[in-house]
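No letters, just coordinates:
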């Protein structure tokens, strides 16, 4: 995953010790080459684990989940933010969005994630682990089996990895960032 | 696109004369085979038109835009719902979401869609054309050139196509639905 790290180092913009802007290739304008690299990395890490479903929280993780699912021969499921009028039979969790500064509800319909599923939870970032913990809890509530977590970028200093320890499954981050310096704009990756 | 139509006919759930649930393969649980067919269809329709950017409104259209962009050698851009703290220099429009029953703001950052872009606007559904019109207006405000519209499913009775006429560009729908009958659950496609 050195290509991914190089990409993030060159095009990511450090806005603060905890804020990295990746809008130019991952979150707002999306470079399919980057997404394919990321999806390939996550699919490789979880190959042959019997994954049937790749779960993420809309919207930032959608294409990552899709690319990983496509390569794993699985389906992707987006936990929806807000309940559409067409949705029923859902489980939900309330989470706090650090980038938007608001509370949001996540919904997963039991019709689309049920008992017998082997679920990989993915997202663009592992920060404090709040969203991913909520997703993993919803997997359990739906009767699915959590197989692991996969992230494109981990902000190691934010403590998300230890938050996810309670689930006792693998946590894979393709580009774990150990330190970001807003003064110089440099990004250091963990080994 | 007969395969797409057959899929929608078999797995789409007619909830009303204007409401079709496609949550099971397109909007909530995502079947990568369906999305690949749709992305391929839109990319074929707009091949060799110099498309540099495929624009959609998050979140339902994200993977469609991504798959079309990937095949066209373009980037995808998601108009964001709500402004993240990391976003600046944005154009915006307010739209009404018929499935959520609320007003939403769409944002596109000028840094990621600028003059010189040839833009294809895509979405999962063409219904009343409200969202797509807003996206097309934002393309113009950013100085980009609108090349056309592409949709997976068109609800022909909702009038969206005539709303988009003012933009004087092609409007492609892979699966145009002429009629949905909630009593029998049948879906009829336009020729």
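Arrived safely, thanks for sending. In this text, all values refer to a predicted model and were calculated from it rather than measured experimentally.

residue nearest the centroid of chain A?
residue A:123 (0.9 Å; Cα atoms, centre = their mean).

how close does it sit to residue B:34?
According to Cβ to Cβ, to the nearest Å, residue A:123 and residue B:34 sit 23 Å apart. All C-beta atoms are positioned from the backbone trio N, CA, C, and that covers glycine.

And for residue A:109?
Distance of residue A:109 to residue B:34, given as Cβ to Cβ: 17 Å.

same thing with residue A:186?
Separation of residue A:186 from residue B:34 (Cβ to Cβ): 42 Å.

ok, now residue A:128?
Noted for residue A:128: a distance of 34 Å to residue B:34, by Cβ to Cβ.

Compare neighbour counts for those two and give me the winner.
Remark: of residue A:128 and residue B:34, residue B:34 carries more neighbours, 22 against 16, as counted by other Cβ atoms under 10 Å in any protein chain shown.

Skipping its backbone neighbours, what lies nearest that one in space?
Leaving aside its sequence neighbours, residue B:34 sits nearest to residue B:25 (Cβ to Cβ, 6 or more residues apart in numbering or on different chains; 4.9 Å).

again, but for residue A:158
Per Cβ to Cβ, 6+ apart, closest to residue A:158 is residue A:127, 4.8 Å.

and if you look at residue A:96?
Residue A:96 sits nearest to residue A:103 (Cβ to Cβ, 6+ apart), 5.7 Å away.

is it true that that neighbour touches residue A:94?
Yes. With contact defined as Cβ atoms under 8 Å, residue A:103 reaches residue A:94; the gap is 5.8 Å.

quick one, strands of chain A?
Secondary structure of chain A (DSSP state E): strands at A:13-14, A:20-21, A:29-30, A:53-57, A:75-81, A:90-97, A:102-109, A:118-126, A:145-155, A:171-181, A:186-189.

Out of those strands, which gets nearest to residue B:10?
Nearest to residue B:10, of all these, is strand A:75-81, at 16.4 Å by Cβ to Cβ.

List the strands paired with the closest one, with their directions.
Its sheet considered, strand A:75-81 pairs with strand A:53-57 (parallel), strand A:102-109 (antiparallel), strand B:29-30 (antiparallel) by DSSP bridges.

What mean pLDDT does stretch A:69-86 get?
Computed over stretch A:69-86, the mean pLDDT rounds to 87.

Report the buried residues of it.
Residues of stretch A:69-86 classed as buried: A:69-72, A:74-84, A:86 (neighbour count, 16 or more other Cβ atoms under 10 Å in any protein chain shown).

same deal with stretch A:61-68?
A:61-68.

and these near chain B, which?
Restricting the buried residues of stretch A:61-68 to those adjacent to chain B (criterion: Cβ under 8 Å from any Cβ of the partner chain) gives A:62-63, A:65-66.

Show me the shaky parts of chain A.
Along chain A, the model assigns pLDDT under 70 to residues A:83-87, A:98-100.

got a list of contacts for stretch A:50-57?
Identification of contacts with stretch A:50-57 by Cβ atoms under 8 Å, 6 or more residues apart in numbering or on different chains yields A:62, A:64-66, A:68-69, A:72, A:74-79, A:81, A:95, A:106, A:108, A:113, A:116-123, A:131, A:134-135, A:138-139, A:144, A:147, B:29.

Apply 7 Å and report the result again.
Contacts with stretch A:50-57, where a contact means Cβ atoms under 7 Å, 6 or more residues apart in numbering or on different chains, come from A:62, A:64-65, A:68-69, A:72, A:74-79, A:106, A:113, A:117-123, A:131, A:135, A:139, A:147.

Repeat that for stretch A:183-191.
A:5, A:8-9, A:12, A:14, A:156, A:175-180.

buried subset of these?
The buried subset of the contacts of stretch A:183-191 (16+ other Cβ under 10 Å) comprises A:5, A:8, A:12, A:14, A:156, A:175-177, A:180.

Save the residues you listed as CSV, and put in distance to chain B too.
Conversion of the buried ones among the contacts of stretch A:183-191 to CSV gives the following (distance: Cβ to the nearest Cβ, whole Å):
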residue, distance to chain B
A:5, 20
A:8, 15
A:12, 11
A:14, 11
A:156, 20
A:175, 18
A:176, 20
A:177, 16
A:180, 13
